[in-house]
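Q: Here you go, sequence then predicted model.
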Amino acid sequence: TSLAQQQVLCSEQKHLTSCTFSPPVACSYSQLMAEWPLAVLALCSVAAAICTVAGLLVGSLPDFSEPLMGFEPRDTDIGRRLIVWRNIESHTGYKKTLSLSPYAKKKRYLSLKAAQGEQAARTRRMVETTYGADGFFCGPPEKSYSQLVFMSTTAGSLWNLQAIQSMCQMEQDKIRSHVHFRDLCQRTEANECCPSWSLGNYIAVLYNRSSCLEITQGDISHTLALLRACAPDYHRGVLTPSCIGPEAVRQKHSQCAQVPEKCTRFNAIYQLLHFLVDRDFLSPQTMEYQVPSLKYSLLFLPTRKGASMMGIYLDNLETWDLFDNYTSITGMDLGLKQKLFQHYLLLDTKYPVLAILAIFLSISFYLRSVFITLMVLLAVVSSLMISYFLYKVAFRFTYFPFVNLTAVIILSSICANHTFVFFDLWNLSKSQNPSAGLAQWVSQTMHHFAYLMLASCFTTGAAFYASYISNITAIRCFAVYMGTSVLVNLVFMMTWLPSSAVLYERYIAPTCVYKPEAYWNNSSHKRVALSVHYVLRALQNTLSETSKLLFEKLLPCGVIKFRYIWICWFAALAIGGAYISCSNPKLKLPTLETSSIQVFRLSHPFERYDSEYCHQFMFERLEHGEGQRMPVTVVWGILPVDNGDHFNPKSNGTLVTDTTFTIQNPDAQNWLLEFCQKVKNKTFYYPDPEQKSTVCFMEEFLRWMDSRQCSQRDHSFNLCCNQFSFPYRSEVFLHCIKMMLLEEGREGAETYDLGLRFDGEGNVAALVLQFQTTYHYTFNYSRAKQFYEEISLWITEEMKTAPVGLQNGWFTSKLELYNLQHSLSTETMVVMGLSIAISFVVLLLTTWNVLLSVFSVTAIAGTVLVTIGLLVLLEWQLNAVESLFISAAVGLSVDFTVNYCISYHLCPHSDRLSRVAFSLKQMSCATAMAASALFSAGIIMLPATVLAYRKLGIFIMMINCISCGFASLFFQSLCCFFGPEKNCGQILWPCAHTMKDYSDDSGPNGNFQYELQPLSRKLSDSFDNSTSTSKLSNRPSVLSEDIQVEDNRCPRAGTHPSLERERQSLQDTLGDQQVTLCQCPALQTSSPYKHSTSETEIHRERLCRDCRCRKYGLKAWDGCLCSLGSSFDMLNISSETSISDFEQGLKLAESASSCPDALELSDSYSNAERGYLNGKRDTLRLDLRETVFDVSPAASQQNSSSWKNRFGLGNEGPVVLPNSQPDMPDVWIKRSSAQSSGYNS
């Protein structure tokens, strides 16, 4: 009963001690975490479960069938116009909002479409039957057919017999031999698969060979001569499809008279030059070559593009053996790119999963706890699901892009970093106060960790939210989801993680049970298990000592000693990265539209076709490449307003009509007629004879009216005839324009487009005028910008002179690529700069220190600039995915720098060098481990086929390495030079009544320091003259005596025999006081000299140390298996880090305190004359240690009183250390009854 009462009393005392000097809120919080961890975990779990269910049930689930959707800029002027123009096109037709004809009838519309298709089919059959070499091919080659690109294996020319026959053979082996080819191919009238449109088949048709394998070298030579004769006319634009046919057909086109008859006799010549050979073959530049080189040749398969080709591709074309001795298949366009991307997207999911697994395995390895790892994993999943709930329900986002899934990896890395830091601080609290309760451990840990979490998560979340200003839908959605996930994770890290640590310490942490040697020797598997345990234990100790050496000694020493080098080196890197990123060569802008955006490696055949080969053939270049003319479309009547959901790329909104629009009044008619003449007079206007322009519809209408003679018999002619003068009255204009459309529509086989758009009631609802320009479509941003700015400026000026009904006109063109280029080129750096600015503001609001905020943001900006510079050197194009990575770069660069910033800010030292060493020792190990974990995750993602996964891995590796370097070396070096000391740079509020106390500040709460100033004032704190990190401060340190399980602390085989005998004799002498033999003092002062003590007191000290070694040494652990909770036992920030010029007495004292074998030497040396400093120096450095042991109150009181009597201090008397110098006062060390609640320096 007495023992139970003592335990309750001790528990109350510890609880009182833990809350005495803590704020009420912090005390309540630590009590809640320590006493109710299961309740906190249950509450968080219920909240996560409810949000998960609600998020999955509300609305539709994410659809990743179109993973590239949402990467177009939407909120730009060009983007709005493109969306409205697409809406106009989609809403124009029968029974739609707009119509080309005022009296469109369903029967007439369908009959016109049927007639149009029938005539086209009849024309194609006529040409092919009569002039297509006896109908060998099934029509001309079309872009809708699957295509293969061949290249010479030896990088030579394909225009030779072996190469041409090789292409035929490879088509037979890879395509036609597949079991499903006959089900997919286009068929002839004989129900056979149509032949392919290949170089060999065209030559075989021209010279009546049965197959391409039977052609001869003479056939090839004759074909080359024929192509050489016709190529000049083709490249001049004279040889066109309209010239191919009988003489009567050619006479209708004047330019065809210049073409030789042998070039128009068959369509094979035109199709060879237009479809099958590259543009440089027989071009004007290579025409004079005696043997022209054919680099690439295209082969059209008689199968339609699409998902039906997936089987043939996966079976025969996905392999890497697409070559023989002469040719190889290097590019394809099977219409499978998006489908295959979805296929590999699912197949390559294993790489992100393995990357996430690597992160959590790193956590498990670092903490050696599966339970904590699982709890962190649950925290990540819960944060993501709650964020998904908020994303859909609170923010009402309906579109969830595929890129949002990258939040899993990013949030896992952030959680790993925070977990490493938390448990380092947790183990530090345990090692400094081993007898304190869970509430005090939580309080001490969260005092630092909560501050770090607030600064880190708010800064990271704000950096992600800054990307919301982007005009690209997917990036905006990612910014909202990722920023929300970080903030939700903040709540989980503040509640879930400390509760998990308390739960682990209370119920799961293993306790070692002693087992005799006989237990381990009675079976072979136990001996093997014990041997393996010893090996792992030795490895653990090796890693622990290595980490201590690296992160506690070498790294602080290296940073401070070489701070000049680090600042210059990283500043040069940042400047170089800024120059490369912003000046030259800069990130390359995309050269492909979003529909053809790169999704695989550049070596993939699909990507090679889109990026290289499609521009090598004239049919692609003229229709979709840089050979086509840039059109201009001017629209009136529909406002360029995008009223759809800007966060859902599937929502395009509706058409918004212009209520002021009219073209019927005379002013509008005159202005439209003048507008036609102005367009024709512009230098950028191109009169295209093959494509009719609608910009001069008013001029055409005027000619039509003048051509109609008034008739007295037919009154319908009297209203629309030449008796009326221009401009016409509104009712005459509207009636006659409708009549003109009806008459012109009867003559053609298709609906006549005059540029007018009618509503359902037959009224003119919109006007669309189109014309071609002299500008060519280009992938070059500068030329496209010149075109857009010139046309935009001209249209703007013209709209100012327009009448009221036509002033709201706007234009559009083929500007999809330019819109993407313009958005990425302007907003990427803006987003990055805004993210950095917001990070600075948030850091300033959390630290209230200007200097630390500036240094942190400088390191973050340097990280981002160097990363972008490396991306430029890797020749990355600034597509939407790359823009997403760059916008996330600031958020990913924050964590490591904030780790050091907050640790520096909370350091109890006042001078900057001590603060730098403190923060490096406290945070470098966790930071390095987090960087290593994410680096390994990036490496795992490199083998992925999907380019997004691979680039994400590369980006993660780079950003982590660079961020770790800038944070650990550059930021800390800046702090070495300009870091704030004491309250320098701190924003102090007038209402603040307390200021932070430092060790060199005098006051009653100086924590033993103010009495030591006379002795420590003259010490040199120059780190440049010593490699000792103990000289970073000009005052002694107050440290806890750390109780560790280390091989170098105590002898492996127990105590020395002489000490054992002395302990036994003293035990017999003291009798009932033996319980105090294993109770070490509550306060121990270590110095180069000691009071002369009796032999009994010396024996007592030896036995106490021996007891501590026996209690915590390896002897008690030989028969048990246990797991510790940290990768290294403690974070020792003390004068023991000194590696040079310590006095011999201090060395011996440290040696004696570390190993009992050297006790006699230490004690004999310390028994010097009272107050004599042994002639070493006239100043004294003291190392005061405070050790707290978990003992019963009675034993503690007895032990304390015995040690106080030993020093002659009484109950409250100070410790007096006399000084040997007559002009220097003695040192009076005041005892404190309060227990330190913070981290000791």
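A: Cool, got the structure.

Q: Could I get the contacting residues of Ser651?
A: Each residue near Ser651 by CB atoms under 8 Å, 6 or more residues apart in numbering is listed here: Thr398, Gly644, Asp645. Quick note: C-beta positions are derived from backbone N, CA and C, even for glycine.

Q: pLDDT score for it?
A: Ser651 carries a pLDDT value of 90.

Q: again, but for Pro727
A: 85.

Q: same check, this time on the one 5 residues further on
A: What the model reports for Val732 is a pLDDT of 85.

Q: picking up where we left off before, now, of the contacts of Ser651, which are buried?
A: Gly644, Asp645 (16 or more other CB atoms under 10 Å).

Q: Restricted to helices, list the contacts of Ser651.
A: Using DSSP state H, no member of the contacts of Ser651 falls in helices.

Q: Go through the contacts of Ser651 and name the one nearest Ala439.
A: Thr398 (46.2 Å; CB to CB).

Q: Just confirm the closest one contacts His646, I think it does.
A: No: assessed by CB atoms under 8 Å, Thr398 is found out of contact with His646, at 11.2 Å.

Q: who does the longest strand belonging to the chain pair up with?
A: For the chain, the strand reaching the highest residue count under DSSP state E is reported as strand 764-776. Strand 764-776 has its sheet partners listed here by DSSP bridges as strand 629-636 (antiparallel), strand 685-686 (antiparallel), strand 756-758 (antiparallel).

Q: Export those strands as TSV, with columns for mean pLDDT.
A: Listed next are those as TSV, based on pLDDT from 0 to 100:
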stretch	mean pLDDT
strand 629-636	93
strand 685-686	92
strand 756-758	90
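
Q: Save those strands as JSON lines, and put in distance to Ser28 too.
A: As requested, the strands paired with strand 764-776 are exported to JSON lines (distance: least, CB to CB, whole Å):
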{"stretch": "strand 629-636", "distance to Ser28": "66"}
{"stretch": "strand 685-686", "distance to Ser28": "78"}
{"stretch": "strand 756-758", "distance to Ser28": "70"}
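
Q: and of those, who's closest to Ile475?
A: Closest to Ile475 of those, according to CB to CB: strand 629-636, at 28.0 Å.

Q: Take the strands paired with strand 764-776 and write them to TSV, including mean neighbour count.
A: Converted to TSV, these look like this (neighbours: other CB atoms under 10 Å):
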stretch	mean neighbour count
strand 629-636	22
strand 685-686	17
strand 756-758	23
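
Q: which stretches of the protein have low pLDDT?
A: 1-27, 104-135, 248-252, 510-514, 690, 711-718, 745-752, 989-1241 (pLDDT under 70).

Q: Tell me which residue is most central in it.
A: The structure's the chain has its C-alpha centroid closest to Phe885; by CA atoms, centre = their mean the separation is 4.0 Å.

Q: As a check, name the ranges of all strands in the stretch 101-250 of the chain.
A: Along the stretch 101-250 of the chain, counting by DSSP state E, counting those that start in this stretch, strands occupy 145-152.

Q: Of the strands paired with strand 764-776, which is nearest Ile329?
A: Ile329 sits nearest to strand 629-636 of all the strands paired with strand 764-776, at 32.8 Å, using CB to CB.

Q: Which SSE is immediately downstream of that closest one?
A: Going down the chain from strand 629-636, the next helix or strand is helix 666-681, by DSSP states H and E.

Q: so what secondary structure elements neighbour that following helix?
A: When contacts are defined as 3 or more CB pairs under 8 Å, 6 or more residues apart in numbering; DSSP states H and E, helix 666-681 sits against helix 697-707, helix 781-801.

Q: Go through these and pick out the most buried.
A: helix 697-707 (a mean of 17; mean count of other CB atoms under 10 Å).

Q: And the contacts of that helix?
A: Against helix 697-707 from outside (CB under 8 Å, 6+ apart): 669, 672-673, 676, 720-722, 724, 726, 728, 736-737, 740, 754-756, 769.

Q: what's the angle between it and helix 666-681?
A: 110 degrees (axes from the mean of the first three to the mean of the last three CA atoms, to 10 degrees).

Q: CA atoms only: put helix 697-707 into PDB for me.
A: Only the C-alpha atoms of helix 697-707 are listed here, as PDB (Å, rounded to 0.1, in the frame of the first residue of the first chain):
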ATOM      1  CA  PHE A 697     -20.300  38.300 -99.200                       C
ATOM      2  CA  MET A 698     -21.700  41.800 -99.500                       C
ATOM      3  CA  GLU A 699     -19.900  42.400-102.800                       C
ATOM      4  CA  GLU A 700     -21.200  39.100-104.000                       C
ATOM      5  CA  PHE A 701     -24.700  39.900-103.000                       C
ATOM      6  CA  LEU A 702     -24.500  43.300-104.800                       C
ATOM      7  CA  ARG A 703     -23.400  41.500-108.000                       C
ATOM      8  CA  TRP A 704     -26.300  39.100-107.700                       C
ATOM      9  CA  MET A 705     -28.800  41.900-107.300                       C
ATOM     10  CA  ASP A 706     -27.300  43.800-110.200                       C
ATOM     11  CA  SER A 707     -27.500  40.700-112.400                       C
END
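
Q: rewinding a little: can you tell which of the strands paired with strand 764-776 is closest to Asp173?
A: Here strand 629-636 is closest among those (CB to CB), at 41.5 Å.

Q: just so I know, which of the strands paired with strand 764-776 lies nearest Gln255?
A: Using CB to CB, the strands paired with strand 764-776 put strand 685-686 closest to Gln255, at 16.4 Å.

Q: Run through who's touching the closest one.
A: Residues contacting strand 685-686 (CB under 8 Å, 6+ apart): Arg629, Val679, Phe771, Gln772, Thr773, Thr774.
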